[in-house]
Structures are given as structure tokens and as C-alpha cells.
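> Okay, sequence plus prediction incoming.
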Amino acid sequence: MQDPLMPPGNAPTTSIKPDDNGAAPVLVTGARVSLELPEAGTCVAVVTSAVGDQVRLQLLDELPPGSLHLGAAFELFVPRPAGIYHWLCALRELEREEEALVQLLSEPLFVQRRRAHRWEASLEAQVRRVHAARRGAVRAMKVADLSRGGLKLEGPVRLSTGDTLEVGFNLGREVELMGRVVMAYPAPGDFWAVHVSFLEGQREAMELLDRYIAKRAEGRRH
């Protein structure tokens, strides 16, 4: 019987796929990855082996009890300089909540830096890092630009590629958007520049963002 989580056809063999520059493979022993778990948020792990569509991981975060169970589907992310690779995965083995064997269920998708038009902004933002079901302290940053797919943050807060963020700011009314860091680098003046790609869904918040962008575009035409 076909596993309901598996796509039809042969299992993918993406664990040795070269990166976007044809350089080293994306998933190799020692590679640091992030897991986006439905109940626990982001969890950091290290690849201990990768053969075909089977990837064994050492979990580096303590997870809430019951947040992972056999057969659970979730996304695995690998940050690269130009963006993030991600796969749909399923948990096949779990030992002591510390070691996991996952099966890749899809070919990797690559989220590149934003290509949509970016609108310059200077908006005060409240930023939280969401990690292993815990929301971090609020940190003040500024939204430097906005687009339909994401935003750029600037401020004295060091964030890492792959971090999941909750970003709150005002677009005529308060809005909160969840996103993932696809690039982060130091900027002049002890600041950090952080490029964030919005997560799927968030319909109400995205509708508010769409209205803001449409208003900016209308003003530009006049």
C-alpha cells in the first residue's frame, strides 16, 4: 500500500543535490538545518548522515513533549547565501527526543531573494524570534522596505538565516506577519540588515499589506 505521505512514483534522492552554484551538496554530514514543526515552531538540528531520501538528524533544541510523533509531516530548511532550500519531510524514527530519521517527500524548493518591487519604508517594528514553541523577547528594529513577498529589517539585533520571526508594525493599523530570514549580514554602524520572506497563509495581514502597497503604487502614478 502506498504511504499516504509519499508522492507517487519513485522516492526522491535529493540529499546529495548540489547547491544553486553547483558547489558542495546541500545536505551533507555536519550541515546545520532548521525544522518547522506544526506544534513547536522552529527547531535546529545537524545532519549526521544523508543517504538517498533518508536523512538522520541530531536535534539541538529541547522540544515540548509530544511535539514530534512517527509519521508527522513537516518542513526542513537549509540556508544558503542566496536564499533557502526547503523540503517536505516525514518522521520515520525518533530516539530519546534527540535523534530523528526523516524521509524527504519532495524535491527541494529554493526561496530566493525577493523579486517583487520593493517599497522603501521607515517603519518602527517589534520583532520576536519564534523558536521551539517559544516566543523570544520583543526587539526594536525598523522596516527599511516592503514587498508582497517579504521585507527588510535594519537594527542592532543579530539574527540568523533560517530564523522564524514575528514582525509587528503599523500600516494604518497594527499588523503582525510571520516570516523566515533568508539573508542576514552586518551593516554600517553596528547594525544588521535582515531580509525576511513571509510564510504562507496569513490572509488578513496580507490583505492589509496588499492595500498598503496598492496605495503606494497609486500615489506614485500621480
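Okay, I see it.
> what ranges do the helices span in this protein?
According to DSSP state H, the chain carries its helices in the segments 203-221.
> just for it, where's the confidence low?
1-25, 38-41, 81-83, 111-116, 132-133, 219, 221-222 (pLDDT under 70).
> Now do the same contact list for the most centrally placed residue in the chain.
Centroid-nearest residue in the chain, with C-alpha atoms, centre = their mean: residue 180, separated by 3.6 Å. By C-beta atoms under 8 Å, 6 or more residues apart in numbering, the contact set of residue 180 is 77, 84, 111, 162-165, 196-197, 199. In this view, the C-beta of every residue, glycine as well, is placed from N, C-alpha and C.
> need the strands for the protein, in chain order.
32-37, 41-51, 54-59, 73-80, 83-95, 99-104, 109-112, 119-131, 134-135, 139-146, 150-155, 164-170, 174-187, 191-198 (DSSP state E).
> Any buried residues in the longest one, and which?
What it means is strand 174-187. 175, 177-184 (16 or more other C-beta atoms under 10 Å).
> Buried deepest among the strands of the chain, which one?
Ranked by mean neighbour count under mean count of other C-beta atoms under 10 Å, the strands of the chain are led by strand 150-155, which reaches a mean of 23.
> quick one, that strand and strand 191-198 angle?
With axes from the mean of the first three to the mean of the last three C-alpha atoms, to 10 degrees defining the directions, strand 150-155 sits at 160 degrees from strand 191-198.
> Can you list the helices and strands that strand 150-155 packs against?
Here strand 150-155 touches strand 119-131, strand 139-146, strand 174-187, strand 191-198, going by 3 or more C-beta pairs under 8 Å, 6 or more residues apart in numbering; DSSP states H and E.
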